[in-house]
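# Quick one, what's the 3D model for this:
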Amino acid sequence: MDYIAVVECVSSGILYIDEIIAHGCKPLVINTNIKTHDLDNYRKILRENLKDRVEFLDEGEDFDALMEELRGYKIKAVFPGSEYGVRLADRLTAALGLKGNDEKTTYLRCTKEGMHEALGKAGIRRIETEKVKSESDIEEFWKKNKLDKCVLKFSESAATVGLKICSSLDEAIEHYRLMRGIVNYKGETGSDILIQEYISGTEYIVNTLSCDGKHMLTDVWSYAKVQARDGTLAYDYAKLVKDLEPGHIDMIRYAYKVLDAVDMKWGLCHIEIKIDRKGPVLIETNARPMGLAMTASYLDEVLGYHLTDLAIETYFRPSTFNKYARRIYNPPKYALMKLLIVPEKIKGSFGPTFLFSNLLRSTREILFFGKEEVSTYPRTIDLETCPLVVKMVNPDYGALMKDYEMIRLIESNYFHLLYSSNNEVPAVEPHTDIEGIIKTLYPSWRFAVVKDDGVSIAQNGKMTELDNWSIFDGAIYAKCGKDTTEERCRTIFRTILTVRSGGLFIIAPESFSSIEDGSVIVEFIMNIAGVHVIAPSYDSNGLIYGLKK
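The predicted structure is shown next:
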């Protein structure tokens with residue numbers, strides 16, 4: 001049996017598993033000696049879910065012993081499954097005599113210090129960067145470069161852990177002191193710290209595939225981040241660049257030069273670049289698949305292919321690389337991944353977020369990072385502290401952005417609607433005169449009346465039993481019994497879906513009065529369901545009216 005090894009099969013790296021099996025090989029997942037609580041939990045879940053399809057090995061403390069064990073496998077290739085696995089993947093590739101990236105230049109691809117050093121030697125534009133060993137180093141760099149802002153970050157890190165934009169020298173020194181005690185992505189303290197000039201502009205992800213030193217573009221995304229008052233950065237979204245814009249050609253060509261500079265010969269690379277008025281400049285490279293736990297179904301819909309498949313095929317059949325490289329970059333749909341930003345520490349479940357997000361037409365997947373149904377979540381300051389990602393796709397760019405803006409509005413102004421520490425909705429007494437409302441309606445219109453005791457039909461001023469569900473001229477929603485927030489919202493949404501275009505939707509106040517910000521929740525649901533909310537009249541008695549678009 002032929003084996004293909006994946007080192008640290010984390011996040012999108014799990015895509016390799018099905019691809020390896022499809023290529024007639026057995027996956028071998030090798031875990032490094034890196035120990036963190038989250039990584040150990042992920043490994044346990046992976047072993048349980050893949051135990052019947054995958055073999056597992058641990059790096060161990062003795063590399064020679066690992067190599068002796070690997071000689072019992074017929075290994076055809078080694079791929080890094082995540083940032084955690086790049087160093088060991090390069091080392092194993094060299095030791096096994098396989099095609100791969102040079103172990104001697106791994107530091108150019110793994111450390112920010114190394115990659116910016118490589119750009120300098122290649123004569124490519126780079127961000128001014130220096131390693132910090134003391135507070136005086138920060139002061140010297142600040143004054144030498146005449147800065148009004150700087151960035152402090154770890155030389156080797158992931159998910160922007162420890163990164164901060166500092167707006168004064170004092171702030172930079174204070175954060176440096178803090179960073180010396182921060183645990184990096186490997187669970188270690190005392191990591192090398194860098195200071196960089198701050199570059200403004202739009203940040204992009206340029207994902208590439210390399211085959212024997214030749215490079216091709218696979219996909220491009222633009223990043224949006226939200227900077228908090230304390231200088232920390234939280235990811236807002238990553239949006240697929242479907243249509244190239246002015247400046248993007250230079251950026252892609254710059255990315256190819258970066259790949260040459262850091263000696264990238266084989267496999268997938270995730271490159272982060274900013275474009276300012278001087279043009280493109282590297283933030284960092286990552287010699288592994290893009291993260292955010294991509295799935296094959298999502299990538300197939302968004303791009304028409306998934307990247308790990310190309311990586312394996314071009315590795316074993318380099319002649320196919322030119323075919324893919326000549327393919328015109330033209331993704332079939334627009335896509336956006338919204339990363340939820342928690343404004344302050346909370347305790348609760350994100351059930352309502354799943355509800356609101358799933359109601360949106362663009363939503364395809366929700367990636368949840370939580371470990372428990374009810375848990376404590378810190379304020380979002382980086383990718384590590386993001387609780388979930390809503391992955392969206394739409395052939396209509398305007399519709400995609402409208403759905404994103406809906407989530408962003410709730411997140412910014414009504415965040416408490418997205419999580420719940422108490423999901424119970426108490427019963428309240430019905431008090432709306434439903435029969436009185438029915439008498440004011442168009443006589444010939446057929447209305448569904450939804451109450452706790454069931455659904456009735458109102459027509460010609462009379463109430464009859466529901467004979468069958470269909471599309472109605474309108475609906476009156478008046479449930480007010482004991483319920484959960486999510487179930488109440490779902491039944492409101494489902495009721496709206498039964499109303500024809502141009503039809504009327506009415507909801508009684510007792511249906512939402514016992515829910516915090518209940519009327520706001522109803523408005524959001526109506527907007528998501530395509531209902532034009534009617535401005536209330538003076539004597540509307542708490543009723544909310546809307547016309548189905």
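
# Contacts only, for the nearest residue to residue 426 once chain neighbours are set aside.
Among residues not flanking residue 426 along the chain, residue 514 sits closest, at 5.2 Å (Cβ to Cβ, 6 or more residues apart in numbering). From N, CA and C alone the C-beta is placed, and that goes for glycine too. Applying Cβ atoms under 8 Å, 6 or more residues apart in numbering to residue 514 gives the contacts 425, 426, 427, 428, 480.

# cutoff 6 Å now
Residues near residue 514 by Cβ atoms under 6 Å, 6 or more residues apart in numbering: 425, 426, 428.

# swap in residue 507?
Applying Cβ under 6 Å, 6+ apart, the residues contacting residue 507 are 477, 522, 544.

# Can you find the helix or strand in this protein with the smallest mean pLDDT?
Least confident element among the helices and strands of the chain, by mean pLDDT, DSSP states H and E: helix 351-359 (a mean of 74).

# Show me what whatever helix or strand comes next after it is packed against.
As assigned by DSSP states H and E, the chain's next helix or strand after helix 351-359 is strand 363-368. Helices and strands touching strand 363-368, by 3 or more Cβ pairs under 6 Å, 6 or more residues apart in numbering; DSSP states H and E, are helix 351-359, strand 388-394.

# try 8 Å this time
helix 296-303, helix 351-359, strand 388-394 (3 or more Cβ pairs under 8 Å, 6 or more residues apart in numbering; DSSP states H and E).

# Report the angle between the first one and strand 388-394.
Which is helix 296-303. Angle, helix 296-303 to strand 388-394, by axes from the mean of the first three to the mean of the last three Cα atoms, to 10 degrees: 40 degrees.

# could you point out which element follows the longest strand anywhere in the chain?
As assigned by DSSP state E, the longest strand anywhere in the chain is strand 214-227. Using DSSP H and E, the helix or strand that follows strand 214-227 towards the C-terminus is strand 233-240.

# Spatially central residue in this protein, please.
Centroid-nearest residue in the chain, with Cα atoms, centre = their mean: residue 389, separated by 4.1 Å.

# Touching, that one and residue 340? I think so.
Yes - judged on Cβ atoms under 8 Å, residue 389 makes contact with residue 340 at a distance of 7.2 Å.

# who's in contact with the helix or strand harbouring residue 171?
Per DSSP H and E, residue 171 falls inside helix 169-179. Identification of contacts with helix 169-179 by Cβ under 8 Å, 6+ apart yields 132, 135, 138-139, 142, 150, 152, 154, 162, 164, 166, 193, 195, 231.

# need these in CSV with neighbour count and pLDDT, can you?
As requested, these are exported to CSV (neighbours: other Cβ atoms under 10 Å; pLDDT from 0 to 100):
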residue, neighbour count, pLDDT
132, 21, 93
135, 14, 94
138, 22, 95
139, 13, 95
142, 20, 95
150, 23, 95
152, 23, 94
154, 23, 90
162, 22, 80
164, 25, 89
166, 23, 92
193, 24, 93
195, 23, 95
231, 19, 69
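
# Going by distance to residue 308, which of those residues wins?
residue 154 (27.4 Å; Cβ to Cβ).

# List the contacts of that closest one.
Counting by Cβ under 8 Å, 6+ apart, residue 154 touches 112, 161, 162, 163, 179, 184, 191, 192, 193, 194.

# Just list whatever residues bridge to it.
residue 193 (DSSP bridges).

# give me the low-pLDDT residue ranges for the chain?
158-159, 185, 231, 351-353, 370-374, 421-422 (pLDDT under 70).

# Quickly list the domain ranges of the chain.
Listed domain ranges for the chain are 2-98, 128-197, 204-225+233-418, 424-548 (source: automatic domain parsing).

# Excluding chain neighbours, give the residue nearest to residue 128 in space.
Once flanking residues are discounted, residue 128 sits nearest to residue 197: 4.4 Å by Cβ to Cβ, 6+ apart.

# Could you give the bridge partners of the one you found?
Taking DSSP bridges as the rule, residue 197 bridges to residue 150.

# Go ahead and confirm it touches residue 116.
No - under the criterion of Cβ under 8 Å, residue 197 makes no contact with residue 116, lying 11.1 Å away.

# So for the two, which residue has more residues nearby?
Applying other Cβ atoms under 10 Å to residue 197 and residue 116 shows that residue 116 carries more neighbours, namely 25 against 17.

# Where does the more buried one sit: helix, strand or coil?
With DSSP: H, G, I helix; E, B strand; the rest coil as the basis, the three-state label of residue 116 is helix.

# for the one 5 residues further on, same thing?
Under three-state DSSP, the three-state class of residue 121 is helix.

# In contact with it, which residues?
By Cβ under 8 Å, 6+ apart, the neighbours of residue 121 are residue 261.

# how close does it sit to residue 127?
Residue 121 sits 15 Å away from residue 127, going by Cβ to Cβ, to the nearest Å.

# Quick check: bridge partners of residue 504?
residue 474, residue 547.

# Mind listing the shared neighbours of residue 197 and residue 116?
Joint contacts of residue 197 and residue 116 (Cβ under 8 Å, 6+ apart) are residue 127.

# Now do the helices for the stretch 201-350 of the chain: every range, in order, please.
For the stretch 201-350 of the chain, the helices defined by DSSP state H, counting those that start in this stretch occupy 248-261, 296-303, 307-316, 321-325.

# Okay, buried residues for the second one please.
The neighbour-count criterion (16 or more other Cβ atoms under 10 Å) identifies 296, 298, 299, 301, 302, 303 as the buried residues of helix 296-303.

# before we move on, what about stretch 474-487?
Buried residues in stretch 474-487 (16+ other Cβ under 10 Å): 474, 475, 476, 477, 478, 479, 480, 483, 485, 486.

# end to end, how far does it reach?
End-to-end span of stretch 474-487 (Cα to Cα, to the nearest Å): 21 Å.

# With stretch 489-508 instead?
Across its full length, stretch 489-508 reaches 14 Å between end residues, using Cα to Cα.

# Pull the distance from that stretch to the chain's centre.
31 Å (Cα atoms, centre = their mean, to the nearest Å).

# Repeat that for stretch 115-122.
On Cα atoms, centre = their mean, the centre of stretch 115-122 falls 30 Å from that of its chain.

# Might you report the residue contacts of the residue nearest to the centre of the chain?
By Cβ under 8 Å, 6+ apart, the contact list for residue 389 reads 292, 293, 337, 338, 339, 340, 366, 367.

# same thing but 10 Å
235, 237-238, 291-293, 337-340, 357, 365-369, 383 (Cβ atoms under 10 Å, 6 or more residues apart in numbering).

# Kindly report the same for residue 334.
239-243, 302, 362, 392-401.

# Pull out the buried residues from the residues you listed.
Buried among the contacts of residue 334 by 16+ other Cβ under 10 Å: 239, 240, 241, 242, 302, 362, 392, 393, 394, 400, 401.

# I'd say the fourth one and residue 335 touch.
Yes - at 7.9 Å, residue 242 counts as touching residue 335 under the criterion of Cβ atoms under 10 Å.

# Just the buried positions in stretch 173-187, please.
If you call a residue buried by 16+ other Cβ under 10 Å, then stretch 173-187 has these buried ones: 173, 175, 176, 179, 182, 184, 185, 186.

# closest to residue 537 among those residues?
Distances from residue 537 to those, taken by Cβ to Cβ, are shortest for residue 175, at 55.1 Å.
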